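J.: return a 3D structure for these sequence lines:
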Amino acid sequence: MSVLIDETKRVLVQGITGREGQARTRLMLGYGTNVVAGVTPGKGGQEVQGVPVFESVAEAMTHSCGSCGGRIDVSVILVPARFVKRAAIEAIEAGVGLLVLVPDRVPIWDAMAIAAAAEAHGASFVGPNTLGVISPGRAVVGMIGGRAESAKAWFKPGPAGVISRSGGMSSSTAYYLGRAGVGTSTIVHVGGDSVLGLRIPDVALMFQDDPQTEVIVLFGEIGGSQEEDLADLMHAGRVTKPVVAYIGGKAAREGTRFSHAGAIIEGGKGTHAGKVQALAEAGASVVDGFGDLPGAVAGVLGGS
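T.: Next up is the predicted model:
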């Protein structure tokens, strides 16, 4: 199985006629994702890669599939950052259950407004500032892999569920796992901002319930409390599958920003040492170097 996406999910692309929208739609279609519609106000009636473009999410839901009741499962948002709030809330209010917010530099107040709207309507979102989600051999939403050919070559199905706070390291983690003979069930880049939709503990709970996933692999970073919150779930017995983790930013001091806005140590919280200790005490295998991660995962699977 997989979490969040698979080949049956009906996907909408907001901002499909833009440069990024066209490029990422090509990736998703080439990988086998079921992209059924796009939305760009003022561009309705056009097509992108054979996908019909509509003026609004509501129109896309009405006309993209009469036999399925106009169902849209996922919206991938690829509009400029200043328009993300409007696009996201439009999709949420139209009844889309999962959003993937790819753009970076989304204002924090906009992200908070999106979170409030999602909670009110029972929706979820990944990001902002995410490369997206890929379930190898099934579907990709967002931009993981860059091109369909490379995504197919790099990522193979298997028992490791990958959660990453780094976009680039999402792909690298899965790639090196594959080199070690370990495939992945789903790869989720939760995003690099300080206000996010689905966080590490949320995705870990999904992997806990996923029959294909046998081990949870984490690329964590300094800043915030996501890793510590996962450790709490492990202590509480809500996450019982083995967790293998690497935490980036070991050399960072307080006030240091590591790569992006969501990875900054403030007030002595979110430190590398604190995260390593919390996860280790909860029973996770925490490796000191990223290069040790694939072997550690393979060792856990070999001993299970």
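
J.: where are the low-confidence patches of the stretch 201-304 of the chain?
T.: Low-confidence segments of the stretch 201-304 of the chain (pLDDT under 70): 251-269, 304.

J.: list the residues that contact residue 40.
T.: The neighbours of residue 40, taking C-beta atoms under 8 Å, 6 or more residues apart in numbering as the test, are 14, 15, 16, 17, 18, 21, 46, 53. All C-beta spots, glycine's among them, are computed from the backbone N, C-alpha and C.

J.: please tell me I have it right and the fourth one contacts residue 42.
T.: This means residue 17. No: look at residue 17 against residue 42 with C-beta atoms under 8 Å: they stay out of range, at 9.1 Å.

J.: between those two, who's got more neighbours?
T.: For residue 17 and residue 42, the more surrounded residue by other C-beta atoms under 10 Å is residue 17, and the numbers stand at 19 against 8.

J.: not counting sequence-adjacent ones, nearest residue to the more buried one?
T.: Excluding the flanking residues, the one nearest residue 17 by C-beta to C-beta, 6 or more residues apart in numbering is residue 40, at 4.3 Å.

J.: show the pLDDT at residue 70.
T.: If you check residue 70, the pLDDT there is 76.

J.: so it, which state does it fall into?
T.: Using DSSP: H, G, I helix; E, B strand; the rest coil, the structure places residue 70 in coil.

J.: give me every residue that touches the residue nearest to it when sequence neighbours are not counted.
T.: Nearest residue to residue 70, sequence neighbours excluded (C-beta to C-beta, 6+ apart): residue 61, at 4.0 Å. By C-beta under 8 Å, 6+ apart, residue 61 lies in contact with 37, 70, 71, 72, 94, 95, 96.

J.: how close does the second one sit to residue 130?
T.: So that's residue 70. As for residue 70, its distance to residue 130 is 26 Å (criterion: C-beta to C-beta, to the nearest Å).

J.: helices of this structure, start to end?
T.: 19-31, 57-63, 84-94, 108-121, 148-154, 167-179, 200-209, 226-235, 272-282, 293-303 (DSSP state H).
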